[in-house]
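>>> kindly return the folded structure for what I paste below:
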Amino acid sequence: MYNIKKFLKKFLWLLEPKSPEAYLKRGGAYAEKGDYDKAISDYTEAIRLEIRLDPDSTLECYAYLYRGNAYINKKDYDRAISDYTEVIRLEPSAVAYCTRGKVYLLGKEDYDRAIFDFSEAIRLKPKSAEAYCSRGYAYFIKGDYDKAISDYTQIIRLKPKYAWAYYMRADAYAEKEDYDKAISDYTQVIRLESENTEAYCNRGEAYYAKEDYDKAISDFSEAIRLEPNYAKAYHNRGAAYYKKGDYDRAISDYTQAIILRGDAYAEKGDYDKAISDYTEAIRLNPESTEAYCNMGNAYAEKGDYDRAISDYTEAIRLNPNYVDAYLARGGAYKKKGDYDKAISDYTLFIRLEPKYALAYCSRGTAYFIKGDYDKAISDYTEVIRLESNYAPYYLRGLAYAGKEDYDKAISDYAKAIRLKPNFAMAYYRRGSAYAEKGNYGKALANYESVLRIDPDNPHAQDAIENLKKTEQKQ
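Okay, here's the model as predicted:
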């Protein structure tokens, strides 16, 4: 990737009143940076200059095309269409029609105009797989599945190994309830792309529609194997098990599908909907440790630590080896200020997962808050042994400072700074440790380093003032 700043500098000297090429190139550089307003401004100037200097030049055509692309990135579809229309007026081509057609299709959802443009592209370039592909999709969206199938078939003639064309044609066959042809095309997709989870899932749906539940289950299972969090596949497999009368497996799959939807709500920050889904999952399967634990996480995110602890406790009751619940419950206890119970849970987790650094770090922090610096140091040391990074050195430095072992604290802060050179708080703490040792020169140097990184840091400013006062008294 070239350096955009250097590129811009290189062309500054070209920006003479009669240099549309320079504006075009600088516009491209701005577009690469994502500064579409400046790109549009330069393309506009290139168009103005080129029309005045050489009305027959192809550069004007490119300027309209690139400016249209910039408008697309700004989601200004009407202006993009206007620019692509100008490109077509200046130099009609399959690319220009196809580009404008995609704006009508995806930006404006004007499928008829999109189809017209793709048809014009095909007229100008009869072997344009891109135009057939786009027109086929427009027909599919309009519900004209026969025409969609015809276009996808043409793409397959042009590009026999184009998996997406088989996939879309299969979808069109499925919409027409021609499940045998759909299955045939999904099978071809799987031959070309053996890990295409959607092809397995959709082929499973076609088998389900044909009431071939065993083959449907097989396909849904393969989709789940490839993508373990594929909620749709769990739901569909649950439906197939239900049709076979295997209600226990149906319930298990329906539960998993609902849990996954709850996880998605939680990821979006909609914890109430997540809790609703986890509650439904528990109703379907009262022994789902995952549902209880995830619901506990949602309550914890809402700040309701008592309910979170209750759910984690139930998950542990159902499965005493469910490690995630111990770690999460420990975190909830720590949030409530019940550090002994937090330490107890982190310890139980560590017994089950002795190489998980975060558990040692969390327990170390609980010990630190309790003032048990030796145990905190022991845990942070284990974290460093498992995965060396700046954070445990800094935390261990705090624990050494708590013990008033400032030399070791300074050593650890230095290691944290080596691993993260702009770590302002490590400089601040090291400065405080030097100040405690009476080394005011080094303390001042560290506080000044904090201000170089964070000029408005109030702690460093206050520390420097206090140092000056201390030195004046001596």
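
>>> how about residue 84, what does it touch?
By Cβ atoms under 8 Å, 6 or more residues apart in numbering, the contact set of residue 84 is 64, 65, 68, 96, 99, 100, 103. In this view, the C-beta of every residue, glycine as well, is placed from N, C-alpha and C.

>>> swap in residue 363?
Residues near residue 363 by Cβ under 8 Å, 6+ apart: 330, 342, 343, 346, 347, 350, 379.

>>> check which helix or strand covers the residue nearest to the fifth one when sequence neighbours are not counted.
This means residue 347. Nearest residue to residue 347, sequence neighbours excluded (Cβ to Cβ, 6 or more residues apart in numbering): residue 363, at 6.7 Å. Secondary structure assignment for residue 363, by DSSP states H and E: helix 357-370.

>>> next, the buried residues of that helix.
If you call a residue buried by 16 or more other Cβ atoms under 10 Å, then helix 357-370 has these buried ones: 357, 359, 360, 361, 362, 363, 364, 365, 366, 367, 368.

>>> what of stretch 85-95?
By 16+ other Cβ under 10 Å, the buried positions in stretch 85-95 come out as 86, 87, 88, 90, 93, 94, 95.

>>> try stretch 320-339
Those would be 322-334, 338-339, for stretch 320-339 by 16+ other Cβ under 10 Å.

>>> tell me which other helices or strands whichever strand or helix holds residue 432 touches.
Assessed by DSSP H and E, residue 432 sits inside helix 424-436. Under the contact criterion of 3 or more Cβ pairs under 8 Å, 6 or more residues apart in numbering; DSSP states H and E, helix 424-436 touches helix 390-402, helix 406-419, helix 440-453, helix 458-473.

>>> relative to helix 440-453, how tilted is that helix?
Relative orientation of helix 424-436 versus helix 440-453 (axes from the mean of the first three to the mean of the last three Cα atoms, to 10 degrees): 160 degrees.

>>> what's the average pLDDT for helix 424-436?
Helix 424-436 carries an average pLDDT of 96.

>>> show residues contacting it.
Here helix 424-436 makes contact (Cβ under 8 Å, 6+ apart) with 390, 394, 397-398, 401, 404, 406, 409-410, 413-414, 416-417, 420, 440, 442-447, 449-450, 453-454, 457, 459-460, 463, 467.

>>> got the CA coordinates for that helix in CSV?
C-alpha atoms of helix 424-436 as CSV (Å, rounded to 0.1, in the frame of the first residue of the first chain):
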residue,chain,number,x,y,z
ALA,A,424,1.0,7.0,30.6
MET,A,425,-0.1,5.4,33.9
ALA,A,426,3.0,3.3,34.1
TYR,A,427,5.1,6.4,33.9
TYR,A,428,3.0,8.1,36.5
ARG,A,429,3.2,5.2,38.9
ARG,A,430,6.9,4.9,38.4
GLY,A,431,7.3,8.6,39.1
SER,A,432,5.3,8.1,42.3
ALA,A,433,7.6,5.2,43.3
TYR,A,434,10.7,7.3,42.7
ALA,A,435,9.1,10.1,44.7
GLU,A,436,8.5,7.7,47.6
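
>>> buried residues, that helix. List them.
424, 425, 426, 427, 428, 429, 430, 431, 432, 433, 434, 435.

>>> possible to save those as a markdown table with distance to residue 161?
Output for the buried residues of helix 424-436, formatted as a markdown table (distance: Cβ to Cβ, whole Å):
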| residue | distance to residue 161 |
| --- | --- |
| 424 | 55 |
| 425 | 56 |
| 426 | 56 |
| 427 | 58 |
| 428 | 61 |
| 429 | 61 |
| 430 | 61 |
| 431 | 64 |
| 432 | 66 |
| 433 | 66 |
| 434 | 68 |
| 435 | 70 |
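
>>> may I have the phi/psi pair for residue 229?
Reported as degrees, to the nearest 10, the phi and psi values for residue 229 are phi -110, psi 30.

>>> my guess is it contacts residue 264. True?
No. At 9.2 Å, residue 229 does not count as touching residue 264 under the criterion of Cβ atoms under 8 Å.

>>> the more surrounded of the two?
residue 264 (15 against 12; other Cβ atoms under 10 Å).

>>> ok, now which ones touch the more buried one?
Going by Cβ under 8 Å, 6+ apart, residue 264 touches residue 231.

>>> report pLDDT for it.
You'll see residue 264 listed with a pLDDT of 92.

>>> if you count neighbours, what's buried in the helix or strand where it lies?
According to DSSP H and E, residue 264 maps onto helix 247-268. Within helix 247-268, the residues that count as buried by 16+ other Cβ under 10 Å are 250-263, 265-266.

>>> can you tell me the closest non-neighbouring residue to residue 23?
Of all residues not flanking residue 23 in the chain, residue 46 sits nearest, at 4.0 Å (Cβ to Cβ, 6+ apart).

>>> where does the one you found fall, helix, sheet strand or coil?
helix (DSSP: H, G, I helix; E, B strand; the rest coil).

>>> burial of it, as a residue count?
Residues near residue 46, counting by other Cβ under 10 Å, number 26.

>>> spit out the contact partners of it.
By Cβ under 8 Å, 6+ apart, the neighbours of residue 46 are 20, 21, 23, 24, 27, 59, 60, 63.

>>> farthest-separated two in the residues you listed?
Checked with Cβ to Cβ, these reach their widest spread between 27 and 60, with 13.1 Å between them.

>>> which SS class is residue 92?
With three-state DSSP as the basis, residue 92 sits in coil.

>>> and it, how far is that from residue 329?
As judged by Cβ to Cβ, to the nearest Å, residue 92 and residue 329 stand 68 Å apart.

>>> one step back: now for the buried residues of stretch 85-95: which two are most distant?
Top of the distance list for the buried residues of stretch 85-95 (Cβ to Cβ): 86 and 94, 16.8 Å.

>>> what's stretch 134-142 in contact with?
With contacts defined as Cβ under 8 Å, 6+ apart, stretch 134-142 is touched by 98, 101-102, 105, 111, 114-115, 118-119, 122, 145, 147-152, 155, 165, 168, 171-172, 175.

>>> do that again at 10 Å, thanks
Stretch 134-142 has contacts (Cβ atoms under 10 Å, 6 or more residues apart in numbering) with 98, 101-102, 104-106, 109-119, 121-122, 128, 144-155, 164-165, 168-169, 171-172, 175.
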